[in-house]
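**Student:** for reference, the sequence and a predicted model appear below.
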Amino acid sequence: MQKPIIIAISGASGSGKSLFTQNLCLKLGQNNQEILVLQEDHYYKAQDHISVEKRADTNYDHPDAFEHDLLADHLSQLLGNKPIQYPSYCYKTHTRLKEFETIKQAPIIIIEGIMLLTQVHLFDYFDLKVFVDTAPDVCLMRRMLRDTQERGRTIESVAKQYETTVKPMYHKFIEPSKNFADLIIPHGGENHLAVDVVSAFLLNPQNGSLIHG
């Protein structure tokens, strides 16, 4: 069986990673490609050992908030054609759920998340590292909409979190990590030219010149 191609899509929260992934999957689907999409957010650490009130104080925009070793194990298992027990995470209770999903390998594996390019020990698993580069003020507006509409947050709590952890952690960890990217994509998930370039690479990974020039 042919080794799966793994692509990491990183960038700030609200940068358009998910939209880019969706558009990429649509493009690849036109070529009848099987795709598995994983979310780094699912690998937030379990916090059952602390109260719900204390969980709210956790810095979720720091690399230590994630269980990247488990992600590495899962990528290794998928490359070995073994199924994984993909974890689930609840944003309202700030901890991992007991339920998990059994997932099998696919020819193309996409994983998206804010801290992927800060984890050098994961790089050996990635055939392509992409950074979605979007202006911070645009990211904030998108995060405001998402967290209030989908995650039951108040505007005040989102704004406070942005100032205390999201913004400083972006400058400390996420922005510098784009130096490790093979491809930096401006204008977020609506950059259809970048979607075409990445899909062409995934359909013909031997043609590395599409990415590296």
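**Tutor:** All right, it came through fine.
**Student:** next up, phi/psi of Lys129, please.
**Tutor:** phi -120, psi 120 (degrees, to the nearest 10).
**Student:** who does it bridge with?
**Tutor:** Ala8 (DSSP bridges).
**Student:** what of the one 4 residues further on?
**Tutor:** With DSSP bridges applied, the residues forming beta bridges to Asp133 are Pro186.
**Student:** where do the strands sit along this structure?
**Tutor:** Using DSSP state E, the strands of the chain run over 5-11, 35-39, 84-90, 95-103, 108-112, 128-133, 183-186.
**Student:** quick check: buried residues in the fourth one?
**Tutor:** In other words, strand 95-103. Residues 95-96, 103 are the ones in strand 95-103 that count as buried (16 or more other CB atoms under 10 Å). C-beta: built from backbone N, CA, C; applies to glycine.
**Student:** repeat that for stretch 48-61.
**Tutor:** Under the neighbour-count criterion of 16+ other CB under 10 Å, stretch 48-61 has 58, 60-61 buried.
**Student:** and it, how far out from the chain's middle?
**Tutor:** 21 Å (CA atoms, centre = their mean, to the nearest Å).
**Student:** check contacts around Asp64.
**Tutor:** Applying CB atoms under 8 Å, 6 or more residues apart in numbering to Asp64 gives no contacts.
**Student:** in the chain, which spans are helices?
**Tutor:** 17-29, 52-55, 68-79, 136-150, 155-161, 167-169, 175-177, 192-203, 209-212 (DSSP state H).
**Student:** reformat those helices as JSON lines; add distance to Ile108.
**Tutor:** What follows is the helices of the chain, written out as JSON lines (distance: least, CB to CB, whole Å):
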{"stretch": "helix 17-29", "distance to Ile108": "7"}
{"stretch": "helix 52-55", "distance to Ile108": "35"}
{"stretch": "helix 68-79", "distance to Ile108": "11"}
{"stretch": "helix 136-150", "distance to Ile108": "26"}
{"stretch": "helix 155-161", "distance to Ile108": "33"}
{"stretch": "helix 167-169", "distance to Ile108": "30"}
{"stretch": "helix 175-177", "distance to Ile108": "23"}
{"stretch": "helix 192-203", "distance to Ile108": "6"}
{"stretch": "helix 209-212", "distance to Ile108": "15"}
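**Student:** can I get these in TSV with mean pLDDT and distance to Lys3?
**Tutor:** Compiled in TSV, the helices of the chain are given as follows (pLDDT from 0 to 100; distance: least, CB to CB, whole Å):
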stretch	mean pLDDT	distance to Lys3
helix 17-29	93	17
helix 52-55	83	38
helix 68-79	97	7
helix 136-150	73	34
helix 155-161	78	39
helix 167-169	89	34
helix 175-177	96	25
helix 192-203	91	13
helix 209-212	46	18
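**Student:** right, and the ones you listed - which one's nearest Leu38?
**Tutor:** Of all the helices of the chain, it is helix 68-79 that lies closest to Leu38, at 7.8 Å by CB to CB.
**Student:** which other helices and strands does the closest one contact?
**Tutor:** strand 84-90, strand 108-112 (3 or more CB pairs under 8 Å, 6 or more residues apart in numbering; DSSP states H and E).
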